[in-house]
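Engineer: Got a sequence here, can you model it:
(2 chains)
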Amino acid sequence: MKKLLAVSAMMGFFSIIVAGGPAGALDEEPGIYLAQQNQESSAKDDEEKEDDEDFEDKVTAINDPLYAINYTFYNINDILYEVVMKPAAKTYNFFIPVEFRTVIKNFFYNLRFPIRFVNCLLQFKGTKAAQEVGGFFLNTTVGLVGLGDVASYYDLKPSPEDLGQTLGFWGLGNGFYIVYPILGPSSLRDSARFVDSYFLDPVNWLKYDKFGGYSWRTTVAITAYDKFNELSFQLEDIDAFKKAAFEPYIGVRDAYVEYRNKLVDE
Amino acid sequence: MKRKLVGLNIICLAVLLVLPLQVYAADAKATVEVQINKMLARMQEPSFKELPRDGKLAEIRKIINEIFDYQALSERTLGRDWKKFNPQQQTEFVDLFSKLLENVYADRILAYTHEKIEYGKVTDLRENQVEVESYIITTDNKKVPLFYRLMQKDGTWRVYDVVIEGVSMIKNYRGQFRQILTNKAPEDLLQTLREKVKEKPAS
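Structural biologist: Residues are numbered from 1 along each chain as shown, chains lettered A, B, ... in the order given. Predicted structure coming up:
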C-alpha cells in the first residue's frame, strides 16, 4: 500500500513537471525575467526590435547556472514521461471518458481557490479577487462542489494567481532556472509555490491530525492523482511540442519563462 | 476658388494620412479571420471529411501557406545568425523550416475540430506590423490565447509569428537554433532540419 502511494505520488509530481514543462509551457506554470518588472515594457520594445531590423536579441531570458543538473533532471523526467507516464495516461484515457476527467479537473481547480484568492489580495487585484470569489461561489453551489464549471460562462475564471507571480508583481526577478526531479520546470522565485501548497492548498490541510488523522501520504496521493488527471489532457500538446523541437530543453526553458512573464503581467 | 481648392487639398491630405492607419489594422484582422474561417468551413465539408489523412493535411497546409510569409518568419527566427547562412543555405532553410512548421501545425489543426475561435483586438507593434488576438475556446470552455503577428508587404498582410499563451514561436525556435549554432555550422543545422522534415508525423 505504501508502495502504491509512493508510486502514485511520483506520478503526480511528475505530471506537474510535465505540465510546467513541454505542454505546460503552454498550459500551466509561469516564470519571469531576471529583469525587474518595471523594465518589462522597455524590454518588450527591444524584443520587437530584435524580431526586426537589427536581428539581435537577448539570448536567454533567465540565468541557468545549474544547467548541468537541470539538464540531467530534464532528461530523467523525459524518460519517466515516455516510459511510465505516457503509457499510463493513455490507458487511463482509454477507460475514463473525457467528461469524467473534466469533472475531476474542475473539482480540484475549484478546491484550490484559496491559493488564487490570497494571491490576488497580495497583489491588490480587487477585480480579480472578486471574480475568484464569484466563481468559487457559483461553482461550489450551482456547479455542485466544483464538479461543473459554470463560472467560465460568466467570465468568472480569471488567469490563476500564485505566490511566484505575487513576488514577480512586487518586482522580484526569477533568480535562476530550476528543473525539479518529477516536478519539472521552475525558478528560484517560482519555488514559492511550495509555500502556496503548504498553507493554502486544501488538499494539504488533510495531513493535519486535527482533520481526522490523515497522514501526508493521503495528501500526496490525492495531489498525484489530480496532476495525473491533468496530464491526461496534455499528451497531444506535449508530443507535438517534442516533435517540433530541436533543443527541447532550451525550448521548454524559454517557453516557461515567457509564459510566466505573461502571467505576471496579467 | 483657388483658396477653396487648397483647403480641399488639405482636407484630403489629412484624410489620407489618417485613413491608412485605420484601414491597415482592419485588413490584417480580416486577413486572419477570412483565412481561418475558410479553413474551418472547408473542414466541415463532407468532401473534406472523406479525404484520407494525407489529403486533409495537404489541404490544410495549402490554406496555411496562403497567409504565412515563410521568408520573413525564417529571417526573424534565425535573427543575427541569418547572416551566417549563404544565399543557397538561406533558401534551403526557408524551404525546410516551412515544411516542418506546416507538418506540425497542420497536424495540430486537424486535431482541433470541435473548438470555437474568437477574435480579439488588434495591436500595432510598429509601422506595418500588427498583432491580431484570437482565442481558441476548447470543449471544456478554456480560452487559449493564440496571437498572430503580421507584417505588410506590397499591400498584403502575411503572418510572420504565432504567439501561443505568451510564447512566441519564432523566439522559441531562435533560442534553440542559437544553441545549435554555437557549436555547429549552418550546414549541420540544415542536416538536422532535413532529417526532422523526413520524419513521419505522429498519428
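Engineer: all contacts plus neighbour counts: C-alpha atoms, from now on.
Structural biologist: Fine.
Engineer: The residue nearest in space to the middle of chain B sits in which helix or strand?
Structural biologist: Geometric centre of chain B, nearest residue: residue B:159, 3.0 Å, by CA atoms, centre = their mean. Using DSSP states H and E, residue B:159 sits in strand B:156-164.
Engineer: and after that strand, which helix or strand comes next?
Structural biologist: Heading C-terminal from strand B:156-164 (DSSP H and E), you reach strand B:167-168.
Engineer: So what are the sheet partners of that next one and their directions?
Structural biologist: Strand pairing for strand B:167-168, determined by DSSP bridges: strand B:156-164 (antiparallel).
Engineer: Need the three-state assignment for the residue of chain B found nearest chain A.
Structural biologist: Chain A sits closest to residue B:79 of chain B, with a gap of 4.3 Å, by CA to the nearest CA. Here residue B:79 is helix, with the state taken from DSSP: H, G, I helix; E, B strand; the rest coil.
Engineer: Quick check, pLDDT for it.
Structural biologist: Note for residue B:79: predicted pLDDT of 86.
Engineer: circling back: okay, buried residues for the strand holding residue B:159 please.
Structural biologist: Buried positions in strand B:156-164, judged by neighbour count with 16 or more other CA atoms under 10 Å in any protein chain shown: B:157, B:158, B:159, B:160, B:161, B:162, B:163, B:164.
Engineer: could I get stretch B:119-128 in PDB with only the CA atoms?
Structural biologist: Extracted in PDB, the C-alpha atoms of stretch B:119-128 (Å, rounded to 0.1, in the frame of the first residue of the first chain):
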ATOM      1  CA  TYR B 119     -11.200  37.200 -32.300                       C
ATOM      2  CA  GLY B 120      -9.900  40.000 -30.100                       C
ATOM      3  CA  LYS B 121      -8.300  43.300 -30.600                       C
ATOM      4  CA  VAL B 122      -5.500  44.400 -33.000                       C
ATOM      5  CA  THR B 123      -2.400  45.900 -31.500                       C
ATOM      6  CA  ASP B 124       0.100  47.900 -33.600                       C
ATOM      7  CA  LEU B 125       3.600  46.700 -32.900                       C
ATOM      8  CA  ARG B 126       5.300  49.200 -35.200                       C
ATOM      9  CA  GLU B 127       4.800  50.600 -38.700                       C
ATOM     10  CA  ASN B 128       3.400  47.800 -40.900                       C
END
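Engineer: just to revisit the earlier point, same list, the buried residues of strand B:156-164, but as a markdown table with pLDDT and distance to residue A:153 please.
Structural biologist: Below are the buried residues of strand B:156-164 laid out as a markdown table (pLDDT from 0 to 100; distance: CA to CA, whole Å):
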| residue | pLDDT | distance to residue A:153 |
| --- | --- | --- |
| B:157 | 87 | 34 |
| B:158 | 88 | 33 |
| B:159 | 89 | 31 |
| B:160 | 89 | 33 |
| B:161 | 89 | 30 |
| B:162 | 90 | 27 |
| B:163 | 90 | 25 |
| B:164 | 88 | 22 |
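Engineer: hmm, back to that, so the residue nearest to the centre of chain B touches residue B:69, yeah?
Structural biologist: Yes - using CA atoms under 8 Å, residue B:159 makes contact with residue B:69 at a distance of 5.7 Å.
Engineer: I'd like to know the average pLDDT value across stretch B:99-119.
Structural biologist: For stretch B:99-119, the per-residue pLDDT averages 80.
Engineer: Off-centre distance for stretch B:173-192?
Structural biologist: With CA atoms, centre = their mean, to the nearest Å as the basis, stretch B:173-192 stands 22 Å off its chain's centre.
Engineer: Also stretch A:191-205?
Structural biologist: 13 Å.
Engineer: Now the terminal residues of it, how far apart.
Structural biologist: One end of stretch A:191-205 sits 19 Å from the other (CA to CA, to the nearest Å).
Engineer: just the strands in the chain please.
Structural biologist: Here I'm looking at chain A. In chain A, the strands defined using DSSP state E lie at A:177-180, A:184-187.
Engineer: The chain in question should be chain B.
Structural biologist: Under DSSP E, chain B gives strands at B:116-126, B:129-137, B:143-153, B:156-164, B:167-168.
Engineer: Contacts for the shortest one, please.
Structural biologist: Residues lying outside strand B:167-168 but in contact with it, judged by CA atoms under 8 Å, 6 or more residues apart in numbering or on different chains, are A:26, A:255, A:258, A:259, B:161, B:162.
Engineer: how close does residue A:150 get to residue B:143?
Structural biologist: Separation of residue A:150 from residue B:143 (CA to CA): 14 Å.
Engineer: no, scratch that, I was asking about residue B:87
Structural biologist: From residue B:87 to residue B:143 the distance is 41 Å (CA to CA).
Engineer: more crowded one of the two?
Structural biologist: residue B:143 (20 against 11; other CA atoms under 10 Å in any protein chain shown).
Engineer: That one: what's it in contact with?
Structural biologist: Contacts of residue B:143 (CA under 8 Å, 6+ apart): B:135, B:136, B:137.
Engineer: Identify the bridge partners of the last one.
Structural biologist: Just to be clear, that refers to residue B:137. residue B:116, residue B:143.
Engineer: pretty sure it is touching residue B:115, no?
Structural biologist: Yes - contact criterion CA under 8 Å: residue B:137 and residue B:115 qualify, at 5.6 Å.
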